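Chemist: Need coordinates for the below:
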Amino acid sequence: MRLRFRHIRLRAETSAGTFGADISFAPGLNVLWADNTMGKSTCLQGLLYALGLERMLSPRREIPLTYVMTSYLDDPETGQRHDVLQSSVWLEIENASGDIITAQRGIVSSSDRKLVSIFNGPLLTQPSQYYRRRDYFVLDPGAAQREAGFHRMLADFIGWSLPTVRRFDGSETMLYLETIFPLLYVEQKSGWSSLPAAFPTYFQIRDVGRRAVEFMLALDTHDLEARRQQLELEFAASKAAWLAKRDELLSIARVVNGRVEGLGSTPTISVEEIERAYMLVAVGEDWRPLEELASALRTRLAHLSQADTPSVEDVASEAVVEIQALTEAAAAQNARRSALFRARQTEVLQKASIVRRLTALEEDLQKNKDAQKLRDLGSTLADTFAPEQCPTCAQPIADTLLAQRVGAEIMPLEDNIRYINAQRGIFQRLHKQAEGAMADIDREFVAATAEVNETSARLRALKADLVAPSHRPSVAAIEERIRIEARLQALEEAQQRFEQQKGNLVALAAQHAELLAAKIALPTDRFTAQDRTKIARLETLIREQAAEYGFSTFPATDLDISEDNFRPHKEGFEIGFELSASDAIRLKWAYQLALLELGRTHRTNHPGFVVFDEPQQQKTAKVSFASLLKRASKAKAAGQQVIFATSEDRDELERFLATVDCQLLAFEGRIVRRL
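Modeler: Alright, predicted model coming up:
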């Protein structure tokens with residue numbers, strides 16, 4: 001994969017005519033020279049703007065170009081100032097396959113600057129031909145994913161398959177081009193302040209710098225990490241699916257006033273454990289297995305079906321006895337139902353009391369933690385808490401949780417926090433137990449209500465028999481048969497649905513087993529042998545260049561690359577303020593070019609170009625800059641490209657470049673001038 005800049009064109013239309021610049025870039029090292037404020041950065045930032053990458057510099061989507069292209073320009077010939085009526089930037093680029101496209105984007109224009117027009121060919125260097133045009137959009141959502149998105153097209157043109165990464169909120173997103181290009185383009189203002197690069201953080205991507213370097217190096221660890229993250233999501237989905245199916249089983253049981261036994265709330269891979277799960281149905285104060293109750297009802301229904309329906313005269317004497325028994329049973333059932341209702345009200349009050357206590361404990365804990373924090377920061381608590389008042393309730397105390405007596409030992413804040421934490425844990429368990437008790441009472445209450453309704457219906461049928469003509473069929477006998485048939489049908493349907501859902505749980509268990517196997521199969525080491533070879537080679541290249549550029553804060557051989565964030569380290573510690581400003585710049589040169597050079601010997605995702613705007617920061621030694629130019633010139637032999645913009649003394653620069661294979665693009669005066 002490769003991206004090479006061939007030509008950039010800046011155009012600004014004014015009432016006094018057209019102003020602009022045309023710069024052709026060659027393979028290898030290109031040195032763009034002009035004095036300060038003459039337009040070097042405008043040209044280089046035109047590269048970013050043409051590629052829709054200005055959000056790499058700022059999330060505000062500001063145009064990164066100077067007033068020359070956005071507002072007004074001064075004519076050096078006449079000294080007059082002219083307003084910019086219309087302006088645009090054109091950029092011709094080439095990929096590894098030799099395909100060439102030309103991007104055109106308006107700056108001051110009648111069209112929206114989110115629009116990028118692509119011409120399928122070298123429109124700037126070979127303008128005589130006709131090239132097909134297609135329009136794309138940038139900056140809006142979907143620019144990196146949708147077919148009409150410019151960054152999707154650009155990634156495809158380079159040959160990149162952008163990975164999926166995680167945000168801080170756990171959601172997934174794409175590793176956007178704006179997070180990768182800081183490793184390729186070092187802008188003048190903030191680009192030199194960070195190692196390895198000044199990555200934008202407003203995308204909320206976790207470890208964005210590490211992800212960008214992993215992608216640039218084409219490390220297998222990125223795929224492994226992505227697989228781990230994917231497994232985490234699949235495990236979460238597996239647990240959610242398991243809970244959903246379990247809730248369906250619980251709902252099935254509730255329809256017949258039952259509950260599920262032998263089924264946990266977390267996924268299992270044991271089919272036998274799933275098969276052992278069963279339903280219990282409330283019968284009075286007892287719980288009976290659903291299959292056992294259904295079998296008993298089935299036997300009773302068979303007996304009723306074989307016998308003839310009795311007449312009122314046949315069941316009259318038995319009805320009187322049964323009415324008396326059912327009346328007593330109904331009274332007992334109503335009493336039990338009332339007791340369950342009172343028990344539930346008690347649990348509600350108990351739960352509310354527990355919640356209030358938990359809330360108070362949370363407040364106590366937070367106040368004590370705040371007091372501990374203030375004390376650790378050096379406060380004596382005198383300004384915040386009265387020394388003879390409780391920090392929680394402000395009641396007078398003698399700084400002790402024990403009996404108020406002279407000479408009592410004060411409980412330290414740490415012990416107080418541990419005590420409150422222990423109390424909170426107890427009440428959290430009590431809260432959970434209260435919720436479970438309420439759920440059990442609710443199930444028993446529903447079952448008791450169903451029994452009361454059933455007993456009442458039976459009593460009505462028996463009493464109807466006592467006042468009916470003696471030769472009529474018994475209403476009670478018919479009612480009993482219908483009731484048993486309905487109850488048996490409900491139980492059988494519940495059992496059938498229960499078994500079907502158990503079958504779904506078996507399928508989920510098999511999927512969960514596959515996930516566990518996949519998790520175990522992942523290598524424990526983050527890096528493959530090939531990854532470690534790349535990292536070792538990157539360290540070697542950085543050390544070589546740091547020494548070559550005159551890095552002197554400590555021996556360059558002490559430099560290494562952190563396996564956690566790929567930042568330069570020394571003896572396991574991240575390099576910080578101990579570096580001099582000039583050595584920090586030297587290390588920046590070494591890191592950026594090392595990434596470029598690594599692609600010459602190893603498979604990476606580096607597109608083969610680097611852009612430095614004013615690499616001679618902090619006035620590093622002349623010999624260092626000369627060594628940088630010499631090293632960068634080797635890019636040509638590897639088919640790569642390096643672009644420097646500098647205002648270094650021109651005589652010295654030409655002396656440095658006398659023996660270097662490069663293209664010097666020197667401009668006297670302003671680069672953007674009247675055409």
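
Chemist: so where is the stretch 51-200 of the chain shaky, pLDDT-wise?
Modeler: 61 (pLDDT under 70).

Chemist: same thing but at 90, please
Modeler: Residue ranges of the stretch 51-200 of the chain with pLDDT under 90: 55-68, 73-82, 109-114, 128-130, 140-142, 146, 163-173, 187-200.

Chemist: ok, residue 509 touching residue 272?
Modeler: No - contact status for residue 509 versus residue 272: not in contact, 10.2 Å apart, counting by C-beta atoms under 8 Å. Where C-beta positions appear, they are placed from N, C-alpha and C, glycine not excepted.

Chemist: The two - which one has more neighbours?
Modeler: Neighbours were counted for residue 509 and for residue 272 using other C-beta atoms under 10 Å; residue 509 has more, 19 against 7.

Chemist: Could you give me the buried positions within the strand ranked longest in the chain?
Modeler: Criterion DSSP state E: the longest strand present in the chain is strand 81-95. Under the neighbour-count criterion of 16 or more other C-beta atoms under 10 Å, strand 81-95 has 82, 84, 87-95 buried.

Chemist: Could you export these as JSON lines, including distance to residue 615?
Modeler: Output for those, formatted as JSON lines (distance: C-beta to C-beta, whole Å):
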{"residue": "82", "distance to residue 615": "33"}
{"residue": "84", "distance to residue 615": "30"}
{"residue": "87", "distance to residue 615": "28"}
{"residue": "88", "distance to residue 615": "28"}
{"residue": "89", "distance to residue 615": "23"}
{"residue": "90", "distance to residue 615": "26"}
{"residue": "91", "distance to residue 615": "22"}
{"residue": "92", "distance to residue 615": "24"}
{"residue": "93", "distance to residue 615": "22"}
{"residue": "94", "distance to residue 615": "24"}
{"residue": "95", "distance to residue 615": "26"}
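
Chemist: hmm, back to that, please name every helix or strand in contact with the longest strand of the chain.
Modeler: When contacts are defined as 3 or more C-beta pairs under 8 Å, 6 or more residues apart in numbering; DSSP states H and E, strand 81-95 sits against strand 3-14, helix 40-50, helix 67-70, strand 72-74, strand 100-108, helix 150-158.

Chemist: Okay, angle between the fifth one and helix 150-158 too, please.
Modeler: Right, strand 100-108. 160 degrees (axes from the mean of the first three to the mean of the last three C-alpha atoms, to 10 degrees).

Chemist: Low-confidence regions, the stretch 551-675 of the chain specifically.
Modeler: In the stretch 551-675 of the chain, residues with pLDDT under 90: 551-556, 562-586, 588, 613-626, 647-649, 651-653, 656, 668-670, 672-675.

Chemist: hey, where'd the helices end up in it?
Modeler: Taking DSSP state H, counting those that start in this stretch as the criterion, the stretch 551-675 of the chain contains helices spanning 581-598, 622-632, 650-657.

Chemist: Export these as TSV, with columns for mean neighbour count.
Modeler: Formatted as TSV, the helices of the stretch 551-675 of the chain follow (neighbours: other C-beta atoms under 10 Å):
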stretch	mean neighbour count
helix 581-598	23
helix 622-632	20
helix 650-657	15
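
Chemist: What average pLDDT does the helix or strand containing residue 427 get?
Modeler: Assigned by DSSP states H and E, residue 427 belongs to helix 413-467. Here helix 413-467 scores 80 as its mean pLDDT.

Chemist: So which elements touch that helix?
Modeler: Helix 413-467 is packed against strand 278-283, helix 312-376, helix 475-521, with contacts defined by 3+ C-beta pairs under 8 Å, 6+ apart.

Chemist: Share the number of residues neighbouring the nearest residue to residue 35 once chain neighbours are set aside, please.
Modeler: Distances taken as C-beta to C-beta, 6 or more residues apart in numbering place residue 647 nearest to residue 35, at 5.6 Å, with adjacent residues excluded. As a burial measure, residue 647 scores 16 neighbours (other C-beta under 10 Å).
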